[in-house]
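[1] Okay, sequence plus prediction incoming.
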Amino acid sequence: MTWGLPIAIYLFLAGAGAGAFLCAMGAEVYSRRTFRPLVHSGTIISGPMVALGMPFLIYDLGIGRQEPWRIFFLFFGNPGSIMTWGTWIISAFVTVAMTLAFMELDFDERWPWLEKRRAHHPLLYRRLTFLKDLMTPIHLAIEPYRGRLLVTGTILALATTVYTGLLIGILNSVPLWNSAILPVLFMDSALSTGLAAAVIYAVVQPIEERRLLAHHFFSLNQIHALMIVVEVLFIFSWLLLAANSSTAASQSIHLLMFGDLAPLFWIGIAFFGIMDPMIIYIYEVVLGKPLMAYGMIVSDGSVLVGGFILRYLALAAAVPVVLF
Amino acid sequence: MARYGLVVDLTKCVGCSSCTVACQAQWELEPEERWLRLEIQEEGSYPAVSQRFTTVQCMHCDDAPCVRVCPTGANYKRKDGLVLIHEARCIGCKYCVVACPYQARVFNEERGIPGKCRLCDVRIQKGVLPACVLACPAGARYFGDLDDPNSEVSRLIVIKKAKQIRPDLRTGPNIYYVR
C-alpha cells in the first residue's frame, strides 16, 4: 500500500472541513437567524480542519519531509497535475476559511461570559482584552468583504470536496478508483461528515448555543438522513459496477466484502457509517421528537468514523491493473 | 530524434533473473529493490501446465502517467524517449508510484525518492548497451532506436510481431515483447 493511513486522514479532514463550510453556507442561505449556531460552528471548524490535514500530508512525503523547502515546487512545477490543482485549491480555501473563521469569533458576544470570570481569571481576562483591542480594527476592516469571501469560499469548498475524489479517480492504474462515481461519492461523504463535525462542535458549545440548535435537531437529522441515503446509493453503485468491470476491480471488491478488509468494511462503513446513524434517525421519526444532545453526538460521531474508514478502505482496497 | 526502447524475446527467456541482478549491480540497489522484475504466470491445467516468464520494467511511455501526474515536474520525458526523474525537484509524494499501471517504480524509503529503470542512460550515452541487455545469457534482450526503421529492434518488431503490454491503457509503452 503506497498511500496509507496519513493520506486517508488527510483526505478525510479536507473533505469534512470543506463539507462543514458548505453546510454552514447552506444554513446561512436558508436562514442565518434560525441556524446561527450551525453557521457559527461550521465556519469556525472548516479552515482549521483542512489545515490540520496538512501535517499528515507532509508526514507522508519522502524527501519533502526532510527538505521542506521543496514543497514550493508543488505550486508551479506542473500545472497539468491534479495534485497541483489541489495545492492551489486547498491553499486558497484555507486562507478564505480561516479569514471567515476569524470573523466568526465575535468578541462582543462572548464578553458577558468573560466578565463573569474576571475575578477568577484576571490574567486570562487581561490577555483577551488585549487580543480584542488588537483584533477589532482588523475585524471591522474586512467586514464589508464578507459576502464576497463567502461566495469564493463556497466555490473553493466545492472544488476541495471534488478534488479529493479526482486525485485518485483519474488514475487508470487502479480500476477501483477510476470511476466517475468516486468524486461525487467523496463529495456527498464530505457534506455528511462536515455536517456531523459542525453539529458536534455546536453541541459541545456553552449551554445557550446548544439550546438554540436543539430546536433544529429534527430537521437537521432529516437532511443528514437524506445525505446518507444518497451515499448508500453511491457506494452500492460504485461497488456493483466495479465488481462487474475489470479483473483488478472485482478483486478489490472481493477484498472489501469478503477478504481481509471485510471486518473494517462491514463494521466501519456498513454499521458505523450507515446503520447506526440511520437507526437513530428512524427512531426519532418513530418517536416524533429529536433525541438529546448525546444522541446527536453518538449518531454524528459514528458518521465521522464511517467517513474516515471509507477513505481508508478506498486506499487500502487498491488492486493495481492486471498486466497479463 | 531517437526513441530508445527494448525488444524482449520471451520465447528465449529462461527466467534466470540475470537482468534483475545486473540492474541492481549497475545502480547499487538493495536486494529487495527491483527496477526490473520477473513475473511468472502459470498456464494451463494439469497435466499440461507451463510457466510463462515476463520481465517488467519502466516502459518509457510516450504519454507517461508519471510525467502527467507529477505535481513538481520532477518526472520528465527526454527527447530521446527516456523517462527520467529530476531528483532535485522531487518531493517524494508517491503520486507517480501510484499512477504507474506497470508498477515499475520502487520507492526508496531511505532517500525518500522513487527509483525506476533509466534504460541505463549513463551507459548508452557512452555507447555501451544497458546492463540487463548485456547480462542476459539467453540473448533475449535487444536495445535500439524504435524510430529508425532499419534498427534491429524495429525489424524484430515487424518480423517477430513483438507486442507491448497493455497498450489499451494508452500510455504508449516503448518496451516490446515477443511471445
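    Here it is on my side, so go on.

[2] Those residues of chain A touching chain B, which are they?
    Within chain A, the positions near chain B by CB under 8 Å from any CB of the partner chain are A:2-3, A:60-66, A:70-71, A:73-74, A:77-78, A:80-84, A:87, A:168, A:170-174, A:318, A:320-321, A:323-324. Glycine gets a C-beta too; all of them are placed from N, C-alpha and C.

[3] Buried among those? Make that a PyMOL selection.
    PyMOL command restricting the residues of chain A next to chain B to the buried ones, with burial defined by 16 or more other CB atoms under 10 Å in any protein chain shown:
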select buried, chain A and resi 2+3+60+61+62+63+64+70+71+73+74+77+78+81+82+83+84+87+168+170+171+172+173+174+318+320+321
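
[4] What helix or strand is the closest residue to chain A within chain B located in?
    The nearest approach of chain B to chain A comes at residue B:92, 2.3 Å away (CB to the nearest CB). Assigned by DSSP states H and E, residue B:92 belongs to no helix or strand.

[5] what does residue B:41 give?
    Per DSSP H and E, residue B:41 falls inside strand B:37-43.

[6] List the buried residues in that strand.
    Within strand B:37-43, the residues that count as buried by 16+ other CB under 10 Å are B:37-38.

[7] Which strands border it, and is each parallel or antiparallel?
    strand B:50-56 (antiparallel) (DSSP bridges).

[8] Please compute how far the partner strand lies from its chain's middle.
    Computed by CA atoms, centre = their mean, to the nearest Å, the chain-centroid distance of strand B:50-56 equals 15 Å.

[9] Following the chain onward from that strand, which element is next?
    With DSSP H and E, the next secondary element past strand B:50-56 is helix B:65-69.

[10] quick one: average pLDDT of that next one?
    Here helix B:65-69 scores 97 as its mean pLDDT.

[11] That one and chain A, any residue contact?
    Yes. Using CB under 8 Å from any CB, helix B:65-69 reaches chain A at B:65, B:68-69.

[12] List the buried residues for that helix?
    Those would be B:65-69, for helix B:65-69 by 16+ other CB under 10 Å.

[13] Quick one: list the elements packing against that helix.
    When contacts are defined as 3 or more CB pairs under 8 Å, 6 or more residues apart in numbering or on different chains; DSSP states H and E, helix B:65-69 packs onto strand B:75-77, helix B:95-99.

[14] Can you name every helix or strand that the helix or strand that comes right after the first one contacts?
    So the one you mean is strand B:75-77. The C-terminal neighbour of strand B:75-77 among helices and strands, as given by DSSP H and E, is strand B:83-85. Where contact means 3+ CB pairs under 8 Å, 6+ apart, strand B:83-85 is packed against strand B:75-77, strand B:113-115.

[15] Using the three-state scheme, assign the residue of chain B most remote from its centre.
    Distance to the chain centre peaks in chain B at residue B:47, reaching 33.5 Å (criterion: CA atoms, centre = their mean). What DSSP: H, G, I helix; E, B strand; the rest coil gives for residue B:47 is coil.

[16] Same question for residue A:80.
    Put simply, residue A:80 is coil when judged by three-state DSSP.

[17] Pretty sure it sits against residue B:68.
    Yes. Using CB atoms under 8 Å, residue A:80 is in contact with residue B:68, at 6.4 Å.

[18] Could you check which residue of the stretch 51-200 of chain A lies nearest chain B?
    Nearest residue of the stretch 51-200 of chain A to chain B, counting by CB to the nearest CB: residue A:62, 2.3 Å away.

[19] And the residue lying closest to that residue once chain neighbours are set aside, its phi and psi?
    Nearest residue to residue A:62 in three dimensions, chain neighbours excluded: residue B:92, at 2.3 Å (CB to CB, 6 or more residues apart in numbering or on different chains). With angles defined as degrees, to the nearest 10, residue B:92 sits at phi 80, psi 40.

[20] Quick one: residues contacting residue B:92.
    Residue B:92 makes contact with A:61-65, B:107, B:112-114, according to CB atoms under 8 Å, 6 or more residues apart in numbering or on different chains.

[21] any weak-confidence spans in the stretch 101-250 of chain A?
    For the stretch 101-250 of chain A, applying pLDDT under 70 flags the ranges A:106-114, A:207.

[22] the helices in it, which residues?
    A:107-116, A:122-142, A:146-169, A:181-203, A:207-214, A:217-243, A:247-257 (DSSP state H, counting those that start in this stretch).
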